[in-house]
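Colleague: The following comprises the amino acid sequence and a computationally predicted model.
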Amino acid sequence: MKRKLFCLAFTAILFATPVAAQRLPNVVIIFIDDMGYADIGPFGAKGYKTPNLDRMAKEGIRFTSFYAAQGVCSASRAALLTGTYSNRIGIHGALDHRAKHGISDNEVTIAQMLKTKGYATAIYGKWHLGHHPQFLPTRHGFDEYLGLPYSNDMWPNHPEAKPGTYPPLPLFENDKVVQVMPDQSQLTRAYTERAVSFIERNKDKPFFLYVPHTMVHVPLFVGEKFKGSAKTGLYGDVVQEVDWSVGEILKTIKKQGLDKDTLVIFTSDNGPWLSYGEHAGSSGPLREGKGTAWEGGVRVPFIARWPGKIPAGRTTREPAMTIDLLPTIGRLANAELPKHKIDGLDIWPLLQGEAKAKNPHDAYFFYYNTNELQAVRSGKWKLIFPHTYRTLGNQPKAKDGIPAKYTNVKSGLELYDLESDMGEKTNVADKHPDVVKRLEALAEQAREDMGDSLTKRVGKGVREPGRLVE
């Protein structure tokens, strides 16, 4: 009887004693501007070194079919931060210094979602979702902001301005312009130093750190330490400085004892701006580059690292997209997802390297320009719809930061097997009419929901962006 009473008492004490709450994971997203698929060592870069990214890939997982939602800056960033196709929320193209719209207050960013779980949040880098006060990061979930509000080439008459004559750009700290930037060579270092400080200051609580680097977008600038360090010239110098930045962030995480508590993601907003030739990156085996829905425009390098959670040295060929990061991070942080419709799905099984894990989507849809549905990918298949796109053809590479001119050409209805033809060289639409029919049906669902200006469709599920209140 005494033994029974002792067991009951011990059980009562056990269940009455609070269990220490498990720490919510830190999340770091490093988002590079205009970096091509083949621009870092783990994806085949040559002529310069990326030792920190090489190590990150060895210690984590590499996705070889990862996509930005669109092949252009603002649209891509809107999709990443909201988990939603950018055309659904009214963000198209690249907002410049004349734009009078931006991200809506009704959208929910990753930062806002994580704030509900007590996260510290910061962005150091390029925002590009509206430069007026109501659109700035501090209005959309970020505690701290240092960076440029749009691309580093955005001034009147670009690209006619000659290299070396670039006008100053506004550098924001939180919601105020603290100085103008006549020299951008210090930006990568400044962002990195702020990122390191943020980690050190918030080591005892969960944090979300977003580092959308200004580089490697033209015009290219590099710090003195890395100038002339690459065999391939200025572009290689700039990539090597970005790699250094990744190394500083990883080193700080380790130094603060946060390795096993921190998910770090590295990827790009779109493919390389090929018209800049020697000042642009490489899409490697992929077709075309930035500003297109071909693989070179939207397939980007992707590495994720989280010791103890993500197995080391893994590679997956399963497709995934930036829209999937918000719901995946929401799951990891046990955070409530936005109440309105988002398009991303949880890809944690893929990130975790689960055996036989598959992409959860029926398809991904690739829009460009003002809501043109240009392509759809489902499984290994990608269907291209007739549309006009830009190409350089066989022009020689541009030099000295002066861009070559694109030629506009038109595609047909084309089907590609991306498992055997990642370069989209062989149209197999005639051989697989059943696949074409299935992907066209999926596209019809997207047109009904989000519209398609190529077929003059207005979507029923689109939302308005934020409009400037003057």
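Modeller: Ah, there it is.
Colleague: from here on, contacts and neighbour counts on C-alpha atoms
Modeller: OK.
Colleague: what's the neighbour count on residue 42?
Modeller: Using other C-alpha atoms under 10 Å, residue 42 has 21 neighbouring residues.
Colleague: list the contacts for it?
Modeller: Taking C-alpha atoms under 8 Å, 6 or more residues apart in numbering, we find residue 42 in contact with 53, 54, 57.
Colleague: element containing the last one, please.
Modeller: Element membership of residue 57, judged by DSSP states H and E, is helix 51-58.
Colleague: Tell me which residues are up against that helix.
Modeller: So helix 51-58 is contacted by 40-42, 243-244, 246-247, 303-305, 312-314 (C-alpha under 8 Å, 6+ apart).
Colleague: Weed out the non-buried ones from those.
Modeller: Buried members of those, scored by 16 or more other C-alpha atoms under 10 Å, are 40, 41, 42, 243, 244, 246, 247, 303, 304, 305, 312, 314.
Colleague: from the residues you listed, which two are the most distant?
Modeller: 244 and 314 (22.8 Å; C-alpha to C-alpha).
Colleague: can I see the domain layout of the chain?
Modeller: 26-351, 364-467 (automatic domain parsing).
Colleague: Residue 358 is nearest to which of those domains?
Modeller: domain 26-351 (6.6 Å).
Colleague: And for residue 322, nearest residue in space, chain neighbours not counted?
Modeller: residue 80 (4.9 Å; C-alpha to C-alpha, 6 or more residues apart in numbering).
Colleague: so how many other residues sit close to the one you found?
Modeller: The number of residues near residue 80, taken as other C-alpha under 10 Å, comes to 25.
Colleague: do the one 5 residues further on as well
Modeller: The burial count assigned to residue 85 is 27, neighbours taken as other C-alpha under 10 Å.
Colleague: Would you map the helices across the protein?
Modeller: Secondary structure of the chain, counting by DSSP state H: helices at 2-16, 51-58, 73-82, 110-115, 187-201, 234-255, 295-298, 325-332, 348-351, 433-450.
Colleague: Can you tell me which of the ones you listed is most buried?
Modeller: Among the helices of the chain, ranked by average contacts under mean count of other C-alpha atoms under 10 Å, first place goes to helix 295-298 (a mean of 30).
Colleague: quick check: mean pLDDT across that one?
Modeller: For helix 295-298, the mean per-residue pLDDT is 98.
Colleague: Please export the C-alpha coordinates of it as CSV.
Modeller: Only the C-alpha atoms of helix 295-298 are listed here, as CSV (Å, rounded to 0.1, in the frame of the first residue of the first chain):
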residue,chain,number,x,y,z
GLU,A,295,15.1,27.6,-66.2
GLY,A,296,18.0,30.0,-66.2
GLY,A,297,15.7,32.8,-65.1
VAL,A,298,14.0,31.0,-62.2
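Colleague: Return the list of helices and strands in contact with that helix.
Modeller: Applying 3 or more C-alpha pairs under 8 Å, 6 or more residues apart in numbering; DSSP states H and E, we find helix 295-298 packed against no helix or strand.
Colleague: pLDDT weak spots in the stretch 151-300 of the chain?
Modeller: 156-166, 182 (pLDDT under 70).
Colleague: ok, which stretches of it are strands?
Modeller: 170-173, 176-180, 207-212, 262-268, 299-305 (DSSP state E, counting those that start in this stretch).
Colleague: from the contacts of residue 42, which is closest to residue 406?
Modeller: residue 53 (32.2 Å).
Colleague: which pair in the contacts of helix 51-58 spans the largest distance?
Modeller: Of all pairs in these, the most separated under C-alpha to C-alpha is 244 and 314 at 22.8 Å.
Colleague: how far does stretch 87-94 sit from the chain's center?
Modeller: Computed by C-alpha atoms, centre = their mean, to the nearest Å, the separation of stretch 87-94 from the middle of its chain amounts to 15 Å.
Colleague: what's the most buried one of the domains of the chain?
Modeller: Across those, averaging neighbours per residue (mean count of other C-alpha under 10 Å) puts domain 26-351 on top, at a mean of 21.
Colleague: okay, how far is it across it, tip to tip?
Modeller: 16 Å (C-alpha to C-alpha, to the nearest Å).
Colleague: CA atoms only for the helix holding residue 57 - export them in CSV, please.
Modeller: C-alpha atoms of helix 51-58 as CSV (Å, rounded to 0.1, in the frame of the first residue of the first chain):
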residue,chain,number,x,y,z
PRO,A,51,34.9,27.8,-49.3
ASN,A,52,32.2,28.8,-46.8
LEU,A,53,29.3,27.9,-49.1
ASP,A,54,31.2,24.7,-50.0
ARG,A,55,31.3,23.8,-46.4
MET,A,56,27.7,24.8,-45.8
ALA,A,57,26.7,22.4,-48.6
LYS,A,58,28.8,19.6,-47.1
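Colleague: quick check: angle from it to strand 262-268?
Modeller: With axes from the mean of the first three to the mean of the last three C-alpha atoms, to 10 degrees defining the directions, helix 51-58 sits at 110 degrees from strand 262-268.
Colleague: Could you verify my assumption that residue 426 touches residue 416?
Modeller: Yes - Residue 426 is within contact range of residue 416, at 6.6 Å (criterion: C-alpha atoms under 8 Å).
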